[in-house]
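Trainee: turn this into a structure:
(one chain, ligands or ions: 1)
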Amino acid sequence: MSGSGAPGALQLDGSGLRVVVVAARWHQEVMDGLLAGALRALRAAGVPVTDDSVVRVPGSFELPVAAARLARTGVDAVVALGVVIRGGTPHFDYVCQAATAGLTDVAVQTGVPVGFGVLTCDDEQQALDRAGLPGSREDKGAEAAQAAVATALEL
Ligand code: DLZ
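Mentor: Numbering: from 1, shown residues only. I've put the predicted structure just below:
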């Protein structure tokens, strides 16, 4: 991660926080990596992780509505995970735009931090490189979880 501009390993005490991960299902191998990374980071920060800590949605387009519903249940933070890979049609741009704007809107409107762990990639290799899997260069699921926890602790 050196030189990426990311803040590096954060020492966080999230033991008093309730954090929920909302995760899309498209691109399963990459999603498995992102989800494992996010849960690893939450546990490392002391955030309790239970069977209720993960909510799955079909695709990244559905992330904002699920995040909005969860944010209104009183959680301290939401972590949104998805993978969108460019295809041959403009669909990519619409899904990316909907997920990005929608999740921003949820965070700003509810005041609940939303960690942004949605990969928007030109091809599958770019996504695998960022998925926190063995051989990946980066772990964007963990980064999103750390950002959500760090923000919740500041507010
Ligand atoms: C339809 C679609 C396509 C083409 N690609 C992706 C993708 O790369 N990543 C993703 O998370 N979801 C994709 N989807 C599904 C949409 O997000 C959404 O689930 C459907 O349009 C149904 O609302």
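
Trainee: what is the burial count for Val20?
Mentor: 22 (other C-beta atoms under 10 Å). Placement of C-beta: from N, CA and C, glycine included.

Trainee: next one: Leu133 from the ligand, what distance?
Mentor: 17 Å (C-beta to the nearest ligand atom, to the nearest Å).

Trainee: can you check Glu138 too?
Mentor: The gap separating Glu138 from the ligand is 19 Å, by C-beta to the nearest ligand atom.

Trainee: quick one: contacts for the closest residue to that residue other than its chain neighbours?
Mentor: In space, and not counting its chain neighbours, Glu138 is closest to Arg130: 4.5 Å by C-beta to C-beta, 6 or more residues apart in numbering. By C-beta atoms under 8 Å, 6 or more residues apart in numbering, the contact set of Arg130 is 119, 121, 136-140.

Trainee: please work out which residues outside whichever helix in the chain runs longest touch it.
Mentor: When the chain is parsed with DSSP state H, its longest helix is helix 91-110. Helix 91-110 has contacts (C-beta under 8 Å, 6+ apart) with 59-61, 63-65, 67-68, 71-72, 78, 80, 82, 84-86, 112-114, 116, 118, 120.

Trainee: any idea how far the residue nearest to Glu138 is from the ligand?
Mentor: 14 Å.

Trainee: now swap in Ala142 and tell me
Mentor: Ala142 sits 19 Å away from the ligand, going by C-beta to the nearest ligand atom.

Trainee: who touches the residue in the chain that the ligand sits nearest to in this structure?
Mentor: Nearest residue of the chain to the ligand: Gly59, at 2.2 Å (C-beta to the nearest ligand atom). Neighbouring residues of Gly59 by C-beta under 8 Å, 6+ apart: 24-26, 82, 95.

Trainee: any chance of TSV for those residues, columns neighbour count and secondary structure?
Mentor: Shown next, in TSV, are these (neighbours: other C-beta atoms under 10 Å; DSSP: H, G, I helix; E, B strand; the rest coil):
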residue	neighbour count	secondary structure
Ala24	25	strand
Arg25	14	coil
Trp26	16	coil
Gly82	28	strand
Val95	22	helix
